[in-house]
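>>> Here's my sequence, what's the structure:
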Amino acid sequence: MNSLIRGLMAATALASLTTIACAQDVSGVIAGLPTELKAQYDGAPQKMLPSAWDNFTPPPKPWKWCHSESYQGNPWRVTVTKELKRLVDGLIADGTVASFEVSDSNNDASQQINQIRAFIDKKCSIITSIPGSATALDDAIDAAAKAGIPFITAAGSVTSPNAINVDSNYARWGYDMMTAIGKAMPDGGSVLLVEGIAGHPIVVQERQGGDKALAENSKLKVSRSVNGNWTANVTKTAVLQAIATNPAPIDAVWTTGSESRVVAEAFAEAGRPAPLITGSITGDALGYWKANPDKYRFEGHAVLPHWTAETLFRVGVRMLDGQKPKLNTLLIPIPPVHNADLGAWYKDCMTPDAVSIFPVPPKDPMPEEWLDAYFANPAPTKGWDYSKVPDACAK
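Purely as a prediction, here's the structure:
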């Protein structure tokens, strides 16, 4: 699951005054965004600031691209790195980039800091990252900025004002999924909540969004809330226990993880009618749907590794190309996936066991014209062509 998002801390009274003075400018930038992007800032927990890179002069080509990973221990993260490498390799082939180097700190923040400082010493042209902490890397990020090296994050914001965060609004996601349940069940119904790790800030944000939607729809009732810890076996056990202790009908399951397949399996094993399930679509879930179309109903989104890497790459290339981001945090909409659309997302390689296969959206979830709105001097992203994104079944 994505990393923690926390607010930005002001270092001095002068910095606070500067932030206040710029607040109207930030509001104006957000107000001028396309409707689809502007909506992402509604209730966003991140602190929005003007970009610290509005006067950045890129280094000469060929560039040295460095990627700081905090964890490579699951298929999602490995897929992010693999897709980012594929894209950067395209720039290496045409001489725009000289090299691509990856570090992995294995969830050790101190190690990630050391690796970032090593990248600075190597004079990387840019550092992209999935950070292991929202705050611990700030000094290293500031050191990179002092050396003229942009630091761009994905899948979790950091609090340094010198970073460019490419992230999503998880409170909005929680809201949108509960709203989808309400639209699918206009007469109301009972909803089982399956959350991630108890107390995790992203879990809190998602629940806040879900609760907001519940407050707007009095016909939806919560049957119970359990924690699945974003882990398949934990989720399945929690759902089976909830079913066993609640003989009343459960019409929908609001979950923000990637475990919709095991939720559907739990209801099927218990002999209960298939509920409507939210969450992030996965290859194994699509395989289960294809094999059991009467046992799987889905209205959710796609928090996918490919488009995480792709938006990170596109923002990085634009900055190296001299384009000026307007904000410190660029919020990217999470693609919706409707039950009627599952056939367009499914591929033959997807089976109920395909936990390492991630679907690829049928069309670009972040059109270039939307990304243009985040830059003062936009231009097409060099080396980017969505039609060349590999199929989910590609080896």
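
>>> For Ile357, give its distance to Thr351.
8 Å (C-beta to C-beta, to the nearest Å). No exception for glycine: its C-beta is placed from N, CA and C like everyone else's.

>>> More neighbours: which of these two?
Ile357 (20 against 15; other C-beta atoms under 10 Å).

>>> contacting residues around the more buried one?
282-284, 347, 349-350, 392-393 (C-beta atoms under 8 Å, 6 or more residues apart in numbering).

>>> Tell me which of those residues fall in helices.
Counting by DSSP state H, the part of these found in helices is 283-284.

>>> What's the PyMOL syntax to select whichever of the contacts of Ile357 are buried?
Remark: buried members of the contacts of Ile357, expressed as a PyMOL selection using 16 or more other C-beta atoms under 10 Å:
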select buried, resi 282+283+284+347+350+392
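
>>> From the contacts of Ile357, pick the one nearest Ala232.
Asp284 (8.8 Å; C-beta to C-beta).

>>> wait, doesn't the closest one sit right on Val355?
Yes: counting by C-beta atoms under 8 Å, Asp284 touches Val355, with 4.9 Å between them.

>>> any idea how far the residue most central in space within the chain lies from Arg77?
Nearest to the mean C-alpha position of the chain, by C-alpha atoms, centre = their mean, lies Ala155 at 4.7 Å. Noted for Ala155: a distance of 9 Å to Arg77, by C-beta to C-beta.

>>> same check, this time on Ser99
For Ser99, the distance to Arg77 (C-beta to C-beta) stands at 21 Å.

>>> These two - which one has more neighbours?
Using other C-beta under 10 Å as the criterion, Ser99 and Arg77 rank with Arg77 on top: 18 against 14.

>>> Now do that one, the pLDDT please.
Here the pLDDT value assigned to Arg77 is 88.

>>> likewise Asn107?
What the model reports as pLDDT for Asn107 is 84.

>>> Do I have it right that it meets Ser70?
Yes: counting by C-beta under 8 Å, Asn107 touches Ser70, with 6.2 Å between them.

>>> joint contacts of these two?
Gly132.

>>> Show me which of those two is the more surrounded one.
Comparing Asn107 with Ser70 by other C-beta under 10 Å, the one with more neighbours is Ser70, at 24 against 13.

>>> per-residue confidence at that one?
pLDDT for Ser70: 91.

>>> Not counting sequence-adjacent ones, nearest residue to it?
Gly132 (3.0 Å; C-beta to C-beta, 6 or more residues apart in numbering).

>>> what domains does the record give for the chain?
For the chain, automatic domain parsing gives the domain ranges 30-168+304-334+365-388, 170-301.

>>> Quick check: mean pLDDT of the last one?
Summarised as a single mean, pLDDT over domain 170-301 is 95.

>>> gap between that domain and the chain center?
In terms of C-alpha atoms, centre = their mean, to the nearest Å, the centre of domain 170-301 is set 19 Å apart from its chain centre.

>>> Now the terminal residues of it, how far apart.
11 Å (C-alpha to C-alpha, to the nearest Å).

>>> How about the longest one?
From the first residue to the last, domain 30-168+304-334+365-388 extends over 31 Å; the measure is C-alpha to C-alpha.

>>> Out of the domains of the chain, which gets nearest to Gly343?
The closest of these to Gly343 is domain 170-301. By C-beta to C-beta, the value is 8.6 Å.

>>> So for stretch 85-105, what gets flagged as buried?
85-88, 90-92, 96-97, 100, 103-105.

>>> now stretch 373-386
For stretch 373-386, burial by neighbour count (16+ other C-beta under 10 Å) applies to 373-375, 381, 383-384.

>>> Could I get the average pLDDT for that stretch?
Mean pLDDT, stretch 373-386: 96.

>>> any chance you could map the helices in the stretch 201-350 of the chain?
Per DSSP state H, counting those that start in this stretch, the stretch 201-350 of the chain carries helices over the ranges 201-216, 232-244, 260-269, 283-291, 305-320, 342-345.

>>> Give me the distance between stretch 348-367 and the centre of its chain.
Going by C-alpha atoms, centre = their mean, where stretch 348-367 is centred and where its chain is centred differ by 15 Å.

>>> Buried residues in that stretch, which are they?
Neighbour count says stretch 348-367 has 350, 352, 354-355, 357-361, 364-366 buried, by 16+ other C-beta under 10 Å.

>>> So which of these are in strands?
For the buried residues of stretch 348-367, not one is inside strands, with DSSP state E as the criterion.

>>> Check these and tell me the two furthest apart.
Pro352 and Met366, at 29.8 Å, using C-beta to C-beta across those.

>>> Do a quick rundown of the helices in the stretch 1-150 of the chain.
Here the stretch 1-150 of the chain has its helices, by DSSP H, counting those that start in this stretch, at 13-31, 35-38, 75-93, 109-121, 138-146.

>>> Distance to Asp341 added to the domains of the chain, as CSV?
Converted to CSV, the domains of the chain look like this (distance: least, C-beta to C-beta, whole Å):
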stretch, distance to Asp341
domain 30-168+304-334+365-388, 13
domain 170-301, 9
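
>>> And those domains: which comes nearest Ala340?
domain 170-301 (9.5 Å).

>>> one step back: for Ala155 and Arg77, list the residues in contact with both.
Common neighbours of Ala155 and Arg77, counting by C-beta under 8 Å, 6+ apart, are Ile130.

>>> Between Ile357 and Thr351, which contacts overlap?
Asp284.

>>> hang on, the earlier thing: in helices, which of the buried residues of stretch 373-386 appear?
Going by DSSP H, the helices hold none of the buried residues of stretch 373-386.

>>> for those residues, which one is nearest Lys61?
With C-beta to C-beta as the yardstick, the closest approach to Lys61 among these comes from Gly383, at 12.3 Å.

>>> my guess is the closest one contacts Ala93, does it?
No: with contacts counted by C-beta under 8 Å, Gly383 stays clear of Ala93, the gap being 9.2 Å.

>>> Show me which pair in the buried residues of stretch 85-105 is furthest apart.
Greatest spacing in the buried residues of stretch 85-105, by C-beta to C-beta: Thr96 and Ser105 (27.6 Å).
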